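Asker: the following block contains a protein sequence and its predicted model.
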Amino acid sequence: MPKIPIFTSGQTQMTTQSTGVASNLQIDPRSSVAASLLPAADAVTTYAVKKRDATEKLEAQKVILELKAESDKLKHSQKDNINEDDAINTFKTQFEPIVNKTVSGIKNKRVKKLIQDGMILENAENIYTLKTQSFKAFEAESIKIYNDTQASNIGKYKTSDNQQQKDIYKNEMIRAAETYNDAHQLGENDLKKRIDNINNALFLTDSEDLIGTDGGVEVIKKLDTGDMKLNNETFSESMYKLYSDKIESLTVKGDPNADYDQAQELLVELEKFERSNGTKVIDGVREKKFADLKTKILTESITHDDLMFQIVQGKEVTEYKKAQSKALSGAFYNPMILEKSGATAKALSNEAIAEYETRYDSWLNANQQASPFEKKQFALELNLMLVDKYTEVDLEQLTTFNLEKNKFNINRELNEVELAASTYYADPENPNMLKSLAKLNGYVNKKGQPDVNAFLNFYLPLIKNRQNSGS
C-alpha cells in the first residue's frame with residue numbers, strides 16, 4: 001500500500017515560486033507548438049512600431065508643410081530687398097515666432113523632434129532662397145539705374161549744342177559703365193564692350209543731327225567709329241533707320257509743316273550713302289525696304305499736295321463765307337449808324353443771317369463736289385439775294401422764309417408781289433425782289449438765271465388761295 005507523504009515544517013523552506021510543477025526540462029522553440037507563435041508576435045510588434053512612426057512622420061510633415069507655406073509668403077515679401085542681411089533678419093524676426101508657437105503646441109516629443117529636424121533643413125533652404133532673391137533684386141535694380149543713367153545722359157547729350165558740355169555727359173556715361181562693371185566684377189572685356197557701345201550710341205546720335213545738313217554725310221564718315229567697333233551690318237541698319245525715321249517725320253500727310261521735297265532729297269542721299277570703307281547702306285534686305293519707302297513717299301507727295309490745296313481752299317471758302325455773312329448782317333444792322341442801330345434793324349439782321357446759314361448749309365450738303373470757286377460764288381450770290389429780299393420787304397413780312405407758312409398780312413403781301421411783278425415786266429433787266437425770291441426758291445432756267453415767271457406761277461396761286469381761305 002503506498003505511503004501518503006507527510007508535510008514537516010523543518011524539512012522545507014518557503015518559496016516565492018508560483019504553484020506548479022518545477023522541472024528542469026528545456027523546451028526547444030524550434031520544435032514546440034508554443035515557439036511557433038513567437039514570429040507572429042514579433043511581427044505584430046514591428047508593425048505597430050512602424051505604424052506609429054509613419055503616423056508621427058505624417059503628422060510632422062503636415063506641420064512642416066504648413067510652416068513652409070508661411071515661410072514662402074515671408075520670403076516673397078522680401079523678393080525686392082536688395083540688402084541681403086536685412087532680408088534675412090526680417091525673415092527670421094517674422095518666421096521664428098511662428099515656428100516656436102507651432103512647436104510648443106505639439107505634445108508628442110517624437111513628432112516635435114521630427115518637426116525641429118525638418119525645419120533645420122528648411123531654414124537652410126530659406127536662407128539660400130533669400131540670398132538668391134536679394135542678389136537678383138540687386139542685379140535688376142543695378143541694371144535699371146545703369147540704363148536710366150545712360151539714357152538720361154544720352155538725352156542731355158543730344159539736346160546740347162555745346163561740345164564741352166557734350167564731353168561732360170560722355171565722361172559721365174563712361175564713369176557709370178566703370179562703376180557698374182566694378183560692382184558686378186565683370187572684367188575688362190565687359191568694360192571695353194560697354195565703352196564701345198557708348199561711343200557707338202553717341203556716334204549715331206551725332207549722325208541723326210547731321211542728316212539733311214550741308215556736308216552732313218562727309219562729317220558722318222569722319223565721325224565713324226570704324227567697323228571693328230560697329231560692324232558693317234549694324235552700321236547700315238542703324239543708318240537706314242535714322243534716315244527712314246527722319247523721312248517719316250517730314251511726311252505726315254495733311255500736316256501743314258510736312259516737307260515732301262526735303263524727304264525726297266533725303267531719299268536720294270540715303271540711296272547713295274556709302275560708309276568710309278565703301279559699304280553701301282542700301283543693299284541686301286534694305287533694297288526692298290528702301291524701294292517700298294521711296295514709292296510710298298512719292299505717292300503720298302501727290303496726294304499731300306492735293307490735300308493741302310483742299311485744306312487751303314476750304315479755309316479760304318470758310319473765311320469767304322463768313323465775310324459774306326458779316327456783310328449781310330451789316331447791310332441791316334450797325335450800332336454806329338443811327339438808321340441801322342435800332343431793335344428792328346437788329347431783328348431784321350438776325351432773320352437774314354438765319355436764312356443765309358440755313359440756305360448755305362443746305363446747298364453745300366447738296367453740292368459737296370462743288371469747287372472752291374463755286375462755293376464762293378454761291379456765298380456771294382446768296383448774300384446779294386438776301387440783301388434784295390430783306391431790303392424790299394418789311395420785317396413783319398419775313399418772320400419765316402418757308403413760303404407755305406408766312407404769317408404776314410396776305411393782302412399786303414399780294415400787293416407787294418403784284419407791284420414787284422409789274423415793275424419786273426416793265427424792265428426785266430433792272431434789279432427786282434422777285435429775281436432774288438425766284439432764285440432763292442430754286443426757280444432758275446438752264447443757265448442758272450432766275451425764272452420769275454415760273455416763280456410767280458407758283459407763288460401767286462398760293463397767296464390767293466391763302467387769301468380766300470383766310471389763313
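Answerer: Here it is on my side, so go on.
Asker: quick check: the gap between Val281 and Ser325.
Answerer: Going from Val281 to Ser325 by Cβ to Cβ, to the nearest Å gives 56 Å. All C-beta spots, glycine's among them, are computed from the backbone N, C-alpha and C.
Asker: using PDB, write down the CA coordinates of stretch 119-131.
Answerer: Below are the C-alpha coordinates for stretch 119-131, written out as PDB (Å, rounded to 0.1, in the frame of the first residue of the first chain):
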ATOM      1  CA  MET A 119      12.800  72.900 -40.000                       C
ATOM      2  CA  ILE A 120      16.600  72.900 -39.700                       C
ATOM      3  CA  LEU A 121      16.800  71.700 -43.300                       C
ATOM      4  CA  GLU A 122      14.000  74.000 -44.300                       C
ATOM      5  CA  ASN A 123      15.700  77.100 -42.800                       C
ATOM      6  CA  ALA A 124      18.900  76.300 -44.700                       C
ATOM      7  CA  GLU A 125      16.800  76.400 -48.000                       C
ATOM      8  CA  ASN A 126      15.100  79.600 -46.800                       C
ATOM      9  CA  ILE A 127      18.400  81.400 -46.300                       C
ATOM     10  CA  TYR A 128      19.600  80.300 -49.700                       C
ATOM     11  CA  THR A 129      16.400  81.500 -51.400                       C
ATOM     12  CA  LEU A 130      16.600  84.900 -49.600                       C
ATOM     13  CA  LYS A 131      20.200  85.400 -50.700                       C
END
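Asker: where does Asn126 sit: helix, strand or coil?
Answerer: Recorded secondary structure, Asn126: helix (DSSP: H, G, I helix; E, B strand; the rest coil).
Asker: show me the contacts for it.
Answerer: Shown in contact with Asn126 (Cβ atoms under 8 Å, 6 or more residues apart in numbering): 71, 75, 91, 95.
Asker: surely Leu460 and Glu416 touch.
Answerer: No - with contact defined as Cβ atoms under 8 Å, Leu460 does not count as touching Glu416 (11.8 Å).
Asker: what's near enough to touch Ala177?
Answerer: Applying Cβ under 8 Å, 6+ apart, the residues contacting Ala177 are 146, 150, 191, 194-195, 198.
Asker: secondary structure element for it, which one?
Answerer: helix 163-184 (DSSP states H and E).
Asker: go through that helix and flag the buried ones.
Answerer: Using 16 or more other Cβ atoms under 10 Å as the test for burial, helix 163-184 gives 166, 169-170, 172-173, 176-177, 180-181.
Asker: roughly how far is the strand or helix carrying Ala263 from the heart of the chain?
Answerer: For Ala263, the enclosing helix or strand under DSSP H and E is helix 260-272. Distance of helix 260-272 from the chain centroid (Cα atoms, centre = their mean, to the nearest Å) equals 32 Å.
Asker: what lies in contact with that helix?
Answerer: 211-212, 217, 239-240, 243-244, 246-247, 250-251, 281-282, 290, 293-294, 297-298, 300-301, 304-305.
Asker: just the buried members of the residues you listed?
Answerer: Counted by 16+ other Cβ under 10 Å, these give 211-212, 217, 239-240, 243-244, 246-247, 250-251, 281-282, 290, 293-294, 297, 300-301, 304 as buried.
Asker: so which of those residues belong to helices?
Answerer: Per DSSP state H, helices hold the following members of those: 217, 239-240, 243-244, 246-247, 250, 290, 293-294, 297, 300-301, 304.
Asker: ok, the residues you listed vs Pro256, which is closest?
Answerer: Set against Pro256, the nearest of those by Cβ to Cβ is His304 (10.4 Å).
Asker: surely Ile120 is within a helix?
Answerer: Yes - the assignment for Ile120 is a helix, going by three-state DSSP.
Asker: for it, which residues are in contact?
Answerer: Listed by Cβ under 8 Å, 6+ apart, Ile120 has no contact partners.
Asker: same question for Tyr424.
Answerer: Applying Cβ under 8 Å, 6+ apart, the residues near Tyr424 are 430, 432, 434-435, 452.
Asker: rerun that using 6 Å as the cut-off
Answerer: 432, 434, 452 (Cβ atoms under 6 Å, 6 or more residues apart in numbering).
Asker: what angle do the one helix or strand Asn147 maps to and helix 163-184 make?
Answerer: Using DSSP H and E, Asn147 falls within helix 109-159. With axes from the mean of the first three to the mean of the last three Cα atoms, to 10 degrees defining the directions, helix 109-159 sits at 160 degrees from helix 163-184.
Asker: chain center to helix 109-159: distance?
Answerer: 31 Å.
Asker: with stretch 279-294 instead?
Answerer: The answer for stretch 279-294 is 31 Å, by Cα atoms, centre = their mean.
Asker: need the residues that contact it.
Answerer: Against stretch 279-294 from outside (Cβ under 6 Å, 6+ apart): 232, 236, 239-240, 267, 271, 273-274.
Asker: the same query, at a cut-off of 7 Å, please.
Answerer: The contact list for stretch 279-294 (Cβ atoms under 7 Å, 6 or more residues apart in numbering) reads 232, 236, 239-240, 244, 247, 267, 270-271, 273-274.
Asker: mind putting the residues you listed into CSV with pLDDT?
Answerer: Conversion of these to CSV gives the following (pLDDT from 0 to 100):
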residue, pLDDT
Asn232, 88
Ser236, 90
Met239, 90
Tyr240, 91
Ser244, 91
Ile247, 88
Leu267, 90
Leu270, 89
Glu271, 89
Phe273, 90
Glu274, 88
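Asker: so where's this protein uncertain?
Answerer: 1-45, 253-254, 304-314, 392-413, 466-471 (pLDDT under 70).
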